[in-house]
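**Student:** I would like to see how this sequence folds:
(one chain, ligands or ions: 1)
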Amino acid sequence: MFGEPIWKIALDFYIIWILVFFLLKFLITNKRMLSVVLSFVFIYVIYYISNLTDILAASQILGYVVSWLPIILIIIMAPDLRRSLEIVWKQDKSKEDFEMGSERTKQQVVDAVMYLASQSIGALITIEKHNTLDQYADRAIMLNSDVSKEILINIFTPNTPLHDGAVIIRGDHILCAGSYFVLSDNQNYDKTMGSRHRAGLGISEITDSLTILVSEETGNVSVAIEGILLKMNDRDKLMEYLNMFMK
Ligand SMILES: Nc1ncnc2c1ncn2[C@@H]1O[C@H](COP(=O)(O)OP(=O)(O)OP(=O)(O)O)[C@@H](O)[C@H]1O
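**Tutor:** Next up, the predicted model:
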């Protein structure tokens, strides 16, 4: 290795650094994956010890297990791998593309949410930040309209064509309606939590967006951000969160 030219050694280290970085990012962003990987490491250690100490039957059985481990890992972790890849490959918007809504947009969103909550009309509104939500908008119904309380209320009115799924807001525009997100499988939340709230939580785990949820069942308003769900008891609190988020 020491006879090699310096650029080769540097490239070697760089590639290893990238691999280690992606591996650690995978593991840190997914606790379940971390525990599966730790169990596999444990099996490898036992296998290594049984090989070293010549425990024949055990090392033979463990040899079979170990040779199948990568495939077993991929099968078990397929949904988590997909989720983690989405985190790793999510695109950030360039500085020129990045826009946050105006004061008027904030007011319109809060007015709409408060009205929908008072009528117990279910809603899911996601506000984009740096990470683009294009991949979700592409599969939804594009609107590109100004944000207004009336349009938002109309979208979520039950039995209308756009009321299912999420609305995505980009800057001062309603980008689309009827967007579908990957549901969160966070075990810390009640197992009975419905798909609307799991979808809001899911998108907040993999992007830096903020999602406002109105429950059809209870009329409660919540905000999903950075993988946590927060109850918003009143208009002022919701406004406070939007002010912090849309800076
Ligand atoms: N993957 C998804 N992405 C976006 N929206 C979704 C998704 N799955 C379901 N929804 C929306 O959630 C609605 C169903 O909500 P559900 O009752 O299961 O959830 P919930 O969290 O209990 O909400 P609520 O308290 O309003 O009943 C659907 O009509 C649809 O509009």
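
**Student:** so how far is S215 from the residue of the chain found nearest the ligand?
**Tutor:** Per Cβ to the nearest ligand atom, G194 is where the chain lies closest to the ligand, at 1.9 Å. Quick note: C-beta positions are derived from backbone N, CA and C, even for glycine. Distance, G194 to S215, using Cβ to Cβ, to the nearest Å: 8 Å.

**Student:** now do L230
**Tutor:** Distance of L230 to S215, given as Cβ to Cβ: 13 Å.

**Student:** any shared contact partners between the two?
**Tutor:** Shared contacts of L230 and S215 (Cβ atoms under 8 Å, 6 or more residues apart in numbering): S222.

**Student:** These two: which has the busier surroundings?
**Tutor:** Using other Cβ atoms under 10 Å, the more surrounded residue of L230 and S215 is S215, with 18 against 12.

**Student:** Now name the helix or strand holding N243.
**Tutor:** Assessed by DSSP states H and E, N243 sits inside helix 235-245.

**Student:** how far out from the middle of the chain is that helix?
**Tutor:** 21 Å (Cα atoms, centre = their mean, to the nearest Å).

**Student:** Report whether F181 is found in a strand, as I expect.
**Tutor:** No. Using DSSP: H, G, I helix; E, B strand; the rest coil, the assignment for F181 is coil, not a strand.

**Student:** pretty sure it contacts S204?
**Tutor:** No. Between F181 and S204 there is no contact under Cβ atoms under 8 Å: 9.3 Å.

**Student:** For these two, indicate the residue with more neighbours.
**Tutor:** Under the neighbour definition other Cβ under 10 Å, F181 and S204 were set side by side, and F181 has more, 26 against 22.

**Student:** near the ligand, which residues of this structure?
**Tutor:** For the chain, the residues in contact with the ligand (Cβ under 6 Å from any ligand atom) are 122, 124, 164-166, 180-181, 183, 193-197, 199, 215-217.

**Student:** what separates Q187 from E205, distance-wise?
**Tutor:** Separation of Q187 from E205 (Cβ to Cβ): 13 Å.

**Student:** And I169, by the same measure?
**Tutor:** For I169 relative to E205 (Cβ to Cβ), the value is 19 Å.

**Student:** Have a look at the two and say which one is more surrounded.
**Tutor:** Comparing I169 with E205 by other Cβ under 10 Å, the one with more neighbours is I169, at 26 against 20.

**Student:** I'd like to know the phi and psi angles of the more buried one, please.
**Tutor:** phi -110, psi 130 (degrees, to the nearest 10).

**Student:** for S145, same thing?
**Tutor:** Here is the backbone geometry of S145 (degrees, to the nearest 10): phi -100, psi 160.

**Student:** So what sits opposite it in the bridge?
**Tutor:** Listed beta-bridge partners, S145: I174 (assigned using DSSP bridges).

**Student:** list the contacts for it?
**Tutor:** Contacts of S145 (Cβ under 8 Å, 6+ apart): 151, 173-174.

**Student:** Run the chain-centre distance for the lengthiest helix in the chain.
**Tutor:** Ordering each helix of the chain by length in residues (DSSP state H) puts helix 56-89 first. On the basis of Cα atoms, centre = their mean, the separation between the geometric centre of helix 56-89 and that of its chain is 23 Å.
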